[in-house]
Structures are given as structure tokens and as C-alpha cells.
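[1] would you be able to build a 3D model of this:
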Amino acid sequence: MATLSILEIPALKKIGLEYGYTVHLHDACGGQSFTLAACGDTNEAIYPAIENFFAAHQMTVRFYDAAKLNFIAQ
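    This is a model prediction of the structure:
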């Protein structure tokens with residue numbers, strides 16, 4: 001499973017804040033998952049921004065809930 005290094009997480013969190021979200025990282029044996037939490041006025045443009053961020057790291061994003069607040073990168 002693809003993972004982000006600890007040095008790449010601040011850039012992802014910055015993207016989240018630009019669109020009104022806090023990005024939470026959940027790290028477990030062999031993988032990572034992420035949660036978006038609203039922290040102000042939110043913007044739907046966060047979804048392509050997240051996808052572009054992970055594409056730059058040769059990963060794809062899979063949102064796994066209807067609200068698109070939880071996702072993994074593969």
C-alpha cells in the first residue's frame with residue numbers, strides 16, 4: 001500500500017486548510033487513511049485538489065463514504 005512520508009503531511013494539511021478543512025491522518029500497520037473535518041467555510045474544490053496532490057505522488061484517492069470525508073490513497 002502506498003503511504004505518504006511524515007515530511008509530506010504538512011503540505012496535505014495546508015491544502016485542507018485552504019478549502020476549510022482539517023485533514024487528519026490515521027496511520028496503522030501497513031497503511032494510512034485520512035479524514036476531513038470542517039473547520040470553517042468549506043469548498044467542494046477540495047476533492048480535485050486532494051486528488052491532484054496524491055497524483056503528484058503517483059497515488060490515487062478512494063473516498064469510502066457518501067459524504068466524501070474519509071479516504072485512502074493507493
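
[2] His24 against Cys39, yeah?
    No. With contact defined as C-beta atoms under 8 Å, His24 and Cys39 do not form a contacting pair (10.9 Å). Backbone N, C-alpha and C define where each C-beta goes, glycine included.

[3] show me the shaky parts of the chain.
    Along the chain, segments meeting pLDDT under 70 span 1.

[4] what residue of it is the furthest out?
    Here the centre of the chain is the reference, and by C-alpha atoms, centre = their mean the most remote residue is Cys29, at 18.2 Å.

[5] ok, Ile50 - contacts?
    Neighbour list for Ile50: 12, 15-16, 61, 71 [criterion: C-beta atoms under 8 Å, 6 or more residues apart in numbering].

[6] cool, and Glu8?
    Going by C-beta under 8 Å, 6+ apart, Glu8 touches His57.

[7] filter the contacts of Ile50 down to the ones in strands?
    61, 71 (DSSP state E).

[8] the contacts of Ile50 into JSON lines, with extra columns for distance to Ala55?
    Below are these laid out as JSON lines (distance: C-beta to C-beta, whole Å):
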{"residue": "Leu12", "distance to Ala55": "13"}
{"residue": "Ile15", "distance to Ala55": "13"}
{"residue": "Gly16", "distance to Ala55": "16"}
{"residue": "Val61", "distance to Ala55": "8"}
{"residue": "Phe71", "distance to Ala55": "14"}
